[in-house]
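Asks: Based on what follows, work out the 3D shape:
(4 chains)
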There are 4 protein chains.
Amino acid sequence: MTGFDETADQWVVTLSCKDRPGIVHKVSGAVVGADGNITELQQFSSQDTGNFFIRLQFATALPQSAIVGQLAPVADELGATWQIDVVGRPLRTLILASKAGHCVQDLLFRTHADQLSVHVPLVLSNHENLRELSDFYHVPFESHYVVPETKADFERRVMQVVEEQGVELVVLARYMQILSPQLCDFLQGRAINIHHSFLPGFKGANPYRQAHARGVKLIGATAHFVTADLDEGPIIEQNVVRVDHADSPRQLMAIGQDIESRTLSQAVRLFSEHRVLLDGVRTIVFQ
Amino acid sequence: MTGFDETADQWVVTLSCKDRPGIVHKVSGAVVGADGNITELQQFSSQDTGNFFIRLQFATALPQSAIVGQLAPVADELGATWQIDVVGRPLRTLILASKAGHCVQDLLFRTHADQLSVHVPLVLSNHENLRELSDFYHVPFESHYVVPETKADFERRVMQVVEEQGVELVVLARYMQILSPQLCDFLQGRAINIHHSFLPGFKGANPYRQAHARGVKLIGATAHFVTADLDEGPIIEQNVVRVDHADSPRQLMAIGQDIESRTLSQAVRLFSEHRVLLDGVRTIVFQ
Amino acid sequence: MTGFDETADQWVVTLSCKDRPGIVHKVSGAVVGADGNITELQQFSSQDTGNFFIRLQFATALPQSAIVGQLAPVADELGATWQIDVVGRPLRTLILASKAGHCVQDLLFRTHADQLSVHVPLVLSNHENLRELSDFYHVPFESHYVVPETKADFERRVMQVVEEQGVELVVLARYMQILSPQLCDFLQGRAINIHHSFLPGFKGANPYRQAHARGVKLIGATAHFVTADLDEGPIIEQNVVRVDHADSPRQLMAIGQDIESRTLSQAVRLFSEHRVLLDGVRTIVFQ
Amino acid sequence: MTGFDETADQWVVTLSCKDRPGIVHKVSGAVVGADGNITELQQFSSQDTGNFFIRLQFATALPQSAIVGQLAPVADELGATWQIDVVGRPLRTLILASKAGHCVQDLLFRTHADQLSVHVPLVLSNHENLRELSDFYHVPFESHYVVPETKADFERRVMQVVEEQGVELVVLARYMQILSPQLCDFLQGRAINIHHSFLPGFKGANPYRQAHARGVKLIGATAHFVTADLDEGPIIEQNVVRVDHADSPRQLMAIGQDIESRTLSQAVRLFSEHRVLLDGVRTIVFQ
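Replies: All right, here's what the predicted structure looks like:
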């Protein structure tokens, strides 16, 4: 919450606290106090938890220190968790990968094409094969051989990169190793995973084969926060696409990879724009 | 803006004015002044027109007069257009129909099933055939023979019903007569029409036949406000569905009717919940 | 396979057997032998089971007996299961219902509007409340009080109606009783059920509440054949729709009912047009 | 129709002719004569033009010459246009590009990832900026400065590449020059273009700005064959995506580019698998 570009003039604030009357008035009052003009505002009062969430963007000519000077006392009074950022500032994002390239490719391409506001200091993989892809996008790449005995080393390297590079988001772009509970805790609320999703769901190996065997008509993907509960973290984004009986398991996998890539990139975009807030085990997504 | 249920405790306010700093703060201040707790708030600043739009729902134990007493001075100061309503109050909605029953059926069913918060005092048609359907839903039905010489009479009857019944929304549920410019003016901002939509668009008669001839892969529907520019009013809702070369013009029409019904009902729901605001020729839709 | 309208001139044949070279040639030869002209043909060879499936429509001036005279020997030689019907003949369809009216309403409306080619001799329910709806569509209605002690009576009544009325399809339109294994067996391959579907799936009561609690972004519906494995029968059709954090459990349910209705009607249409074939536990759907 | 891999064992045949009884029987008879086993077959009889279309895949151990020996006489007798190819053979595909890289990137990535069965001998552009991208995928790149005086030279180069490289498909991947009628004729039925699509459509420059101004709720893309009628060629594939009032023209363009890329790649896949046939101005697409 310190040291951004003092010449910025578009800011985004997210704030959450226990719901009570008058929060919007107080928060918008702080923006008025900072000579700000609100350009986007979304709020939500959760009936489930009694929590209140707000995201607002505003323009002001005043520096960050003046804005914080207005907002901090309000947040304190509300007992709120809050964040301020410059609109459009690229989020420092570490990509974890394994062999599959479709999600990494999609993320790097969109970053390169300015469709995603992230900066990727490193692609860290347990396989070597995506080096050429990373090179093409001028993104540093590092791979380590991961077996049970070296897994702790790899995870320490993840934590080290996060801390040294000030990483704000870790994206598991089809990274196929299960994270240790310690790493899950360390990354809580700042790591996004992607997995295929089916109606109905399937347990166990080779889900595309199972989906084919069951004759499903829709296959999809879910992007969610990483938690110690495997594939059960808060959902950020989901998409599906129609398939039919003639699609082989191999074709289902190709279709599935396509929707995995898109869904993960959408989730990263939403997160990087501070549009994803947590209300217990569910997300509030301010599209 | 007068005389609602004084025992209500959930209110919805929409307001628009020229954008300037501090509007959210002022409006939310009025809500605080009315002992209100905001449960939903959306706002939008139009870069195109410099206008500001807000929709908020809030709960309060105070009566409407107290709320208006807080909001009216703020609205005056802002030079704003605004509206207040009880959340969930059924909107008085006149349905205009011709022979086709699919949209009327969908609207009446959803109303009956409490999926749409509208009250329909009358179905007014230039054909007799939908009387039985209206009867089933216990909705009054009236038909008049419309030819060029009697069209003005029919339109006078529309205006009369609107005024006598306090109609707040007129839905053209596949009403196939072109409205006179006078009636368009009279109904401005409170009449919704539905028409089929194609990629690309088609001019002239029998568009489903044209769409088939052109081999389109998607057909859709657009719900829009009625204006004197035929089928060019501000768009409220759009949907499409996939078709293919084997669909005959007759099948395309059946598919098209399905999506027309759904799209019109969605638009009516959005309007009845005061989620549709006008910014010149475009709508702001607070989903 | 007997006694249809001898003056029909559009026929639909479905046939399945073990795959081997030359089946299309043999079957199309029988059509040529019956002076038929094929207007639609789809086939599929299942890599999973080694089964072959074909559906074809053709026009001929010859009577049914002549067609069967050509096709029966071919089917015998192939050891095939097959069926012949007049294109567009309404399928005799029994609707089972409970309290919820959305699916029944959708089916009856579409039948009435000639969007579904079915004839409904009876709506059979364990509640009385849908009588008025059935009356409106001039469809006989019968309700029985079902408690554990009377459930067998109700199921006997189902079987009796099926046999007496020559029912070809039983639709469980949100019929909320679990069918006995005996009834499941009796109805195998000719009963369709609908249930809500989520990504991920939820077990137990009140799934819309669970879906809300989990913050899912898509909700859907699956139409499937009834089997003794509850909700695990072969899938016929699936659809989803986007929702968000602000949708209450009640709103999710309304959205869910809408997609249930549409999905069930689509499945009934596919079945009534003989487009759904079974390959073990999965369907082949010739759209 | 000559000189494919004689060791192939999966073949795809497309054939069209005037409709008449017995075509399927004759064609499938030729497959039987070639010891073939049909694995996929789709046919369509156009009510509009009286034309018949069939696409079939079959496996056989016999060489291509034996297959042609069976099929050619049948095709002759039917007066049919037909084609035979090895299933999965990469289609020689020339990409024409300008400055925008999204479609080129998507095509090259999918080709590289074996999601598209094409071989790209060259990316030919009127700008230099996509060279690095082509290099990365090891695809030759060539750019020429195109102004009115040099346009004919560029088009001659296109025709030269087509002939020298045996190009079977030309993809206009956001190539922004209008093709001359001569080049359109030369490429008829083997060149695919992509353009954005809106409900309703917009004429003139900067359509995303117009779409924003009109408040459209869906934007899309259409892939179609190139004809001398600009953007009016037979439609191959279409997709849309939902947008709202808050999407700026710039965001609409990013969303639009995404759907353009996907739609173009889908169209290329369909064409490369010989799934797209022409019935006058409309396509028959055998998905």
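Asks: Would you quantify the distance from the residue in the stretch 151-287 of chain A positioned nearest to chain B to C:Pro207?
Replies: Proximity to chain B, evaluated over the stretch 151-287 of chain A using Cβ to the nearest Cβ, is greatest for A:Arg242 at 8.2 Å. (Each C-beta comes from the backbone N, C-alpha and C, glycine too.) Distance of A:Arg242 to C:Pro207, given as Cβ to Cβ, to the nearest Å: 23 Å.
Asks: Which of those two has more residues huddled nearby?
Replies: Taking neighbours as other Cβ atoms under 10 Å in any protein chain shown, A:Arg242 and C:Pro207 compare with C:Pro207 leading, 20 against 13.
Asks: So A:Gln177 sits against A:Ala152, correct?
Replies: No - using Cβ atoms under 8 Å, A:Gln177 makes no contact with A:Ala152, being 11.5 Å away.
Asks: in the stretch 51-200 of chain A, which spans are strands?
Replies: A:51-59, A:81-86, A:91-97, A:118-125, A:141-143, A:169-173, A:191-198 (DSSP state E, counting those that start in this stretch).
Asks: quick one: contacts for the residue lying closest to A:Asn126 once chain neighbours are set aside?
Replies: Leaving aside its sequence neighbours, A:Asn126 sits nearest to A:Val146 (Cβ to Cβ, 6 or more residues apart in numbering or on different chains; 3.9 Å). A:Val146 makes contacts with A:126, A:154, A:177, as judged by Cβ atoms under 8 Å, 6 or more residues apart in numbering or on different chains.
Asks: of all of the stretch 101-250 of chain A, which residue lies closest to chain C?
Replies: A:Gly215 (2.9 Å).
Asks: OK, contacts around that residue?
Replies: Counting by Cβ under 8 Å, 6+ apart, the residues that A:Gly215 touches are A:245, C:234-235, C:279, C:281-283.
Asks: can you rerun that using 6 Å?
Replies: A:Gly215 is in contact with A:245, C:235, C:282-283, counting by Cβ atoms under 6 Å, 6 or more residues apart in numbering or on different chains.
Asks: what are the phi and psi values for it?
Replies: Backbone dihedrals for A:Gly215, given as degrees, to the nearest 10, come out at phi 70, psi 40.
Asks: Repeat that for A:His212.
Replies: Torsion angles, degrees, to the nearest 10, at A:His212: phi -60, psi -50.
Asks: Could you pick out the longest helix of chain A?
Replies: Assignment by DSSP state H gives helix A:249-272 as the longest helix of chain A.
Asks: what inclination does that helix have with respect to strand A:118-125?
Replies: Interaxial angle, helix A:249-272 versus strand A:118-125 (axes from the mean of the first three to the mean of the last three Cα atoms, to 10 degrees): 140 degrees.
Asks: Specify the angle between helix A:249-272 and strand A:169-173 in degrees.
Replies: 170 degrees.
Asks: in helix A:249-272, what counts as buried?
Replies: A:249, A:252-272 (16 or more other Cβ atoms under 10 Å in any protein chain shown).
Asks: that older thread, who's in contact with the residue of the stretch 151-287 of chain A closest to chain B?
Replies: A:Leu218.
Asks: Same question for the one 3 residues further on.
Replies: For A:His245, the set of contacting residues under the criterion of Cβ under 6 Å, 6+ apart consists of A:215, C:284.
Asks: Kindly give a single ChimeraX line that selects the buried subset of the contacts of A:Val146.
Replies: For the buried members of these, the matching ChimeraX selection, counting by 16+ other Cβ under 10 Å, is:
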select /A:126,154
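Asks: pLDDT added to the contacts of A:Val146, as TSV?
Replies: Formatted as TSV, those follow (pLDDT from 0 to 100):
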residue	pLDDT
A:Asn126	97
A:Phe154	97
A:Gln177	93
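Asks: How about stretch A:33-49 and chain D, any contact?
Replies: No - on the criterion Cβ under 6 Å from any Cβ of the partner chain, stretch A:33-49 is out of touch with chain D, staying 7.2 Å away.
Asks: ok, residues contacting that stretch?
Replies: A:19, A:31, A:52-60, A:62, A:66-67, A:70, A:279-280, A:284, A:286, B:21, B:24, B:39, B:41, B:43, B:45.
Asks: again with stretch A:107-127
Replies: With Cβ under 6 Å, 6+ apart as the criterion, stretch A:107-127 contacts A:88, A:90-99, A:134, A:137, A:139-143, A:146, A:161, A:165, A:265, A:269, A:272, D:105, D:254.
Asks: Extract the C-alpha trace of it and format it as CSV.
Replies: Output of stretch A:107-127 as CSV, limited to C-alpha atoms (Å, rounded to 0.1, in the frame of the first residue of the first chain):
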residue,chain,number,x,y,z
LEU,A,107,-1.2,-16.1,-20.5
LEU,A,108,2.0,-15.0,-22.1
PHE,A,109,0.3,-14.1,-25.3
ARG,A,110,-2.3,-12.0,-23.7
THR,A,111,0.2,-10.4,-21.5
HIS,A,112,2.3,-9.6,-24.5
ALA,A,113,-0.8,-8.3,-26.4
ASP,A,114,-1.7,-6.0,-23.4
GLN,A,115,-4.9,-7.9,-22.8
LEU,A,116,-3.7,-8.8,-19.4
SER,A,117,-2.2,-6.3,-17.0
VAL,A,118,0.4,-8.5,-15.4
HIS,A,119,4.2,-8.6,-15.3
VAL,A,120,5.7,-12.1,-15.3
PRO,A,121,9.1,-12.2,-13.7
LEU,A,122,9.5,-16.0,-14.1
VAL,A,123,7.9,-19.2,-15.4
LEU,A,124,8.9,-21.9,-12.9
SER,A,125,8.3,-25.4,-14.0
ASN,A,126,9.1,-29.0,-13.0
HIS,A,127,9.8,-29.7,-16.7
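Asks: what residues does chain A put near chain C?
Replies: A:197, A:199-201, A:215-218, A:220, A:235, A:238, A:240, A:245, A:282-284.
Asks: so which residue of the stretch 51-200 of chain A comes closest to chain D?
Replies: For the stretch 51-200 of chain A, Cβ to the nearest Cβ, closest residue to chain D: A:Phe136, 4.3 Å.
Asks: Can you give me every residue that contacts that residue?
Replies: D:Phe136.
Asks: Identify the farthest-apart pair in the contacts of A:Gly215.
Replies: A:His245 and C:Ile235 (9.9 Å; Cβ to Cβ).
Asks: A:Leu183 contacts A:Glu155, doesn't it?
Replies: Yes - contact criterion Cβ atoms under 6 Å: A:Leu183 and A:Glu155 qualify, at 4.8 Å.
Asks: Of the two, which one has the most company?
Replies: Set A:Leu183 next to A:Glu155 and count neighbours by other Cβ under 10 Å: A:Leu183 wins out with 23 against 18.
Asks: what bits of chain A have low per-residue confidence?
Replies: Residues of chain A meeting the criterion pLDDT under 70: A:1-8, A:200-203, A:230-231.
Asks: what residues go with each domain of it?
Replies: Annotated domains of chain A cover A:10-86, A:91-285 [automatic domain parsing].
Asks: hang on, the earlier thing: and the nearest residue to the residue of the stretch 101-250 of chain A closest to chain C once chain neighbours are set aside, bridged to which residues?
Replies: Leaving aside its sequence neighbours, A:Gly215 sits nearest to C:Arg282 (Cβ to Cβ, 6+ apart; 2.9 Å). C:Arg282 has the following beta-bridge partners by DSSP bridges: C:Asp279.
Asks: A:Leu218 now?
Replies: Bridge pairing for A:Leu218 - DSSP bridges - gives A:Arg242.
Asks: Next: A:Phe44.
Replies: A:Phe53, B:Glu40.
Asks: Around it, how many other residues sit close by?
Replies: Neighbours around A:Phe44, by other Cβ under 10 Å: 23.
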